[in-house]
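Asker: Just a sequence and a predicted model for now, questions to come.
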Amino acid sequence: MLNGVRRNTLRALTATGIVIALSSPAAAEGPGSGTVTPCSVRDICIIVTEPGGGGGTQPGGGTPTGGATDNGVPVCTWNGVQRPCWDPKLGWFSENNGCYYKPAKPQPPATDPVWGGSTPQDGQVYDVVCRDKDGNLSVWPQQFFPQPPVPMPVYDNVVDLARQAIGALESTAPVVHTAPAGKAVVGVPVWLWYERTPLTAGPLSKTVKGNVISVTATAVLDHVEWTTGPGEPVVTCKTTGTPYEPGSGKVTSPDCQHIYRTSSAGQPNGTYEVTATAVWKVKAVRNDTGQVILSDTDWPVPSDTVLPIEVAEVQLLN
């Protein structure tokens, strides 16, 4: 169980036609034992904000007249306005009437009047959403067609693939250590580190393949933030820290330490509490074009334990 894992409050960030929504506070567990994912700690929920996006098997499909979108979907023109010929939610666009068509899922019962005397063996019923002359969308009644009303090549929703790849990334919460452990002295360095494993230090990578294209999500450890107690500064380290080796004679850590300025005598239980948060940078890239779908988004993974440390003043004898 990952106690103490906190989610960020809801807010939206817009980037490259996607929205990254952060969820409300709650505890979370990843899909594996003791693992954490970006979607459990900080739900990176990606949705298309406007019709379009994806990669196609038939770039010439959908009766396009205006080239293609940045994501490879052909562009159709209707009423003087260019729009993607395919939308992952609405379906395929017709330049003849400004309507989107998408096979209904599930198909209506064979007894439904929409079939008009035909049977499921004769064709399919389609959801229909049409634009008016001002471009506004409205839902029309479902319609039966023996053949697809417009060409319907297969496309991939590149943003959905990015969401899946990001959601497949897994890390584990840092297991933190200090040296000295449990007791320290004002003015003397305290070494800080956490156990380094492939899932705590990375880099992490997951690839999700669609019908045509694939997207790879990566996470690289950017830095580690250590809280060392009230009145003490947050310590930022670029690595997981170096474990202290007893008997080495070394006093200072080569990469991560803290020197306490005051004793912990006035703190609850007479101790400071030490925690660490590993901050990863998450990125998602479309593999065939190199298009960046999500760029360097922070993914904080906090430790699920707190280390108490008693800090004493040095008593000098005259």
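Answerer: Received, thanks. Numbering: from 1, shown residues only.
Asker: tell me which strands and helices the lengthiest helix in the chain is in contact with?
Answerer: Scanning the chain for the helix with the most residues, using DSSP state H, yields helix 158-168. Applying 3 or more CB pairs under 8 Å, 6 or more residues apart in numbering; DSSP states H and E, we find helix 158-168 packed against helix 38-41, strand 45-48, strand 204-209, strand 214-227, strand 272-286, strand 292-302. The way it works is simple: take the backbone N, C-alpha and C, and place the C-beta from them, glycine included.
Asker: which intervals of the stretch 51-200 of the chain have sub-threshold pLDDT?
Answerer: 51-72 (pLDDT under 70).
Asker: tell me, which of the helices and strands packed on helix 158-168 is the model least confident about?
Answerer: Sorting those by mean pLDDT places strand 45-48 lowest, at a mean of 32.
Asker: Would you quantify the distance from the closest residue to residue 269 other than its chain neighbours to residue 120?
Answerer: In space, residue 269 comes closest to residue 308 once its chain neighbours are excluded; the distance is 6.8 Å by CB to CB, 6 or more residues apart in numbering. Using CB to CB, to the nearest Å, we find residue 308 at a distance of 67 Å from residue 120.
Asker: The two: which is more packed in?
Answerer: residue 308 (16 against 13; other CB atoms under 10 Å).
Asker: tell me which element that one is part of?
Answerer: Using DSSP states H and E, residue 308 maps to strand 307-312.
Asker: and that strand, average pLDDT?
Answerer: Averaged across strand 307-312, pLDDT comes to 93.
Asker: What segments of the stretch 51-200 of the chain are strands?
Answerer: 55-56, 75-78, 81-84, 86-87, 91-93, 99-103, 124-131, 137-145, 155-156, 171-172, 176-179, 183-185, 189-194 (DSSP state E, counting those that start in this stretch).
Asker: Neighbouring strands of the last one in the sheet, and parallel or not?
Answerer: Paired strands of strand 189-194, with direction, are strand 176-179 (antiparallel), strand 257-259 (antiparallel) (DSSP bridges).
Asker: how far does the shortest one sit from the chain's center?
Answerer: Distance of strand 257-259 from its chain centroid, counting by CA atoms, centre = their mean, to the nearest Å, is 33 Å.
Asker: Also the longest one?
Answerer: The gap between where strand 176-179 is centred and where its chain is centred comes out at 30 Å by CA atoms, centre = their mean.
Asker: wait, doesn't residue 176 sit right on residue 304?
Answerer: No: distance between residue 176 and residue 304: 9.7 Å, which falls outside the contact criterion (CB atoms under 8 Å).
Asker: ok so, going back, quick one, which of the helices and strands packed on helix 158-168 is nearest to residue 145?
Answerer: Judged by CB to CB, the one of the helices and strands packed on helix 158-168 that comes nearest to residue 145 is strand 45-48, at 25.5 Å.
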